[in-house]
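Visitor: Need coordinates for the below:
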Amino acid sequence: MAERSFAREVEDLKLGDGEMFRGEGILAITKALLQSGVAYVGGYQGSPISHLMDVLADAKPVLDELGVHFESSASEATAAAMLAASV
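Guide: Numbering: from 1, shown residues only. Predicted coordinates for the structure are as follows:
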């Protein structure tokens, strides 16, 4: 279960060149990841990236459009195994 919903704010992740992006710090980090060309993001709730996980879970339609695979794992061990498999 997500700690906080970003469902409304994730639409701003679609903004392109020359458009003004404004958002909470974690949204800016997510936007930067997407603009950098990331193709896989994984983690687990309770990890240091829990807030990022919340944003990415709410941004699933945006991630699908961009071809980014998001994997929410149940534990640190599962997340590490998925990361190893993604390489």
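
Visitor: So which residues of this protein form strands?
Guide: Ranges of strands within the chain are 40-44, 69-73, based on DSSP state E.

Visitor: Tabulate these (JSON lines), appending distance to L63.
Guide: In this view, the C-beta of every residue, glycine as well, is placed from N, C-alpha and C. As requested, those are exported to JSON lines (distance: least, Cβ to Cβ, whole Å):
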{"stretch": "strand 40-44", "distance to L63": "8"}
{"stretch": "strand 69-73", "distance to L63": "5"}
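
Visitor: Dump those to JSON lines, plus mean neighbour count and distance to L34.
Guide: Below are these laid out as JSON lines (neighbours: other Cβ atoms under 10 Å; distance: least, Cβ to Cβ, whole Å):
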{"stretch": "strand 40-44", "mean neighbour count": "19", "distance to L34": "9"}
{"stretch": "strand 69-73", "mean neighbour count": "16", "distance to L34": "11"}
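
Visitor: So E9 sits against E24, correct?
Guide: Yes - A contact is recorded between E9 and E24 when judged using Cβ atoms under 8 Å, the distance being 7.2 Å.

Visitor: quick one: which of these two has more around it?
Guide: Neighbour count, other Cβ atoms under 10 Å: between E9 and E24, E9 has more, with 17 against 13.

Visitor: Quick one: residues contacting that one.
Guide: The neighbourhood of E9, defined by Cβ atoms under 8 Å, 6 or more residues apart in numbering, consists of 23-24, 27, 55, 58.

Visitor: Just the buried subset of those residues, written out for PyMOL, thanks.
Guide: Buried residues within the contacts of E9, as defined by 16 or more other Cβ atoms under 10 Å, are selected in PyMOL through the command that follows:
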select buried, resi 23+27+55+58
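
Visitor: Any chance you could list what contacts stretch 44-62?
Guide: Judged by Cβ under 8 Å, 6+ apart, the contacts made with stretch 44-62 from elsewhere in the structure are 1-7, 9-11, 13-14, 26-27, 29-30, 34, 41, 43, 63, 70, 72-76, 78-79.
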